[in-house]
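1. test case, fold it:
(2 chains)
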Amino acid sequence: AQSVTQLGSHVSVSEGALVLLRCNYSSSVPPYLFWYVQYPNQGLQLLLKYTSAATLVKGINGFEAEFKKSETSFHLTKPSAHMSDAAEYFCAVSDRIGSSNTGKLIFGQGTTLQVKP
Amino acid sequence: DGGITQSPKYLFRKEGQNVTLSCEQNLNHDAMYWYRQDPGQGLRLIYYSQIVNDFQKGDIAEGYSVSREKKESFPLTVTSAQKNPTAFYLCASSRRQGTGYGYTFGSGTRLTVV
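-> Numbers count the residues shown, from 1 in each chain, chains lettered A, B, ... in the order given. As a prediction, this is how the structure comes out:
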């Protein structure tokens, strides 16, 4: 079964600093990968996704992520943090049995991003 | 615009009561999911359905029940057997085999036992 590990349950950065949220996955074949953002008391919103095209994926709000097969990673970055980026971020991987997608996503435990003025 | 609607946004339940959370989508998605979210525990899958009139248990199905009589609707009932139902509940939908598209989420229902 697939799994996702998000390193660091809480990350704190200063406004204007680089944001780096880490995500590692386990999968026997290249999976589909996603980053979602959740603001308090709201649902999850898709930030970006990797579906085996370009390895550097650009998303909304200035975020991007790079798929690195050799490192089984899909870290999320943003060059300059804004106060409005404070939220919880979830990495997810497509679930597979053998070479077939099950149709489900496996979510990481989430990382809370704090942005200090 | 298409999307997923969860209602109510806030729900209060007395001990021993069953309550039903609504989830409706107009995205023509085949699959629908229910997740429970507790602080520090991420998202835990309760039930999912990939086609009308069929559904499967997720990781924490005990104390919950669902139905999928229409493609657009996937209500979740929290029964009195669920000992700790206070949580944030999220509904999501996706195209049936298109996991490359990801999920679309509703805005959630916060359930509190009083």
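2. leaving out chain neighbours, which residue sits closest to B:Val66?
-> Using Cβ to Cβ, 6 or more residues apart in numbering or on different chains and skipping residues adjacent in sequence, the residue nearest B:Val66 is B:Tyr47, 4.5 Å away. No exception for glycine: its C-beta is placed from N, CA and C like everyone else's.
3. mind checking what secondary structure that neighbour has?
-> Using DSSP: H, G, I helix; E, B strand; the rest coil, the structure places B:Tyr47 in strand.
4. just checking, it touches B:Val78?
-> No: using Cβ atoms under 8 Å, B:Tyr47 makes no contact with B:Val78, being 11.5 Å away.
5. host element of the most centrally placed residue in chain B?
-> Centroid-nearest residue in chain B: B:Trp34, 2.8 Å away (criterion: Cα atoms, centre = their mean). For B:Trp34, the host element (DSSP states H and E) is strand B:31-37.
6. that strand and chain A, any residue contact?
-> Yes: residues of strand B:31-37 contacting chain A under Cβ under 8 Å from any Cβ of the partner chain: B:Ala31, B:Tyr33.
7. after the lowest-mean-pLDDT helix or strand in chain A, next one along is what?
-> Taking mean pLDDT, DSSP states H and E as the measure, strand A:100-107 is the helix or strand of chain A with the lowest mean score, a mean of 82. Per DSSP H and E, the first helix or strand lying C-terminal to strand A:100-107 is strand A:111-116.
8. report pLDDT for whatever residue of chain B ends up closest to chain A.
-> With Cβ to the nearest Cβ, the shortest gap between chain B and chain A falls at B:Phe105, namely 3.7 Å. B:Phe105 carries a pLDDT value of 96.
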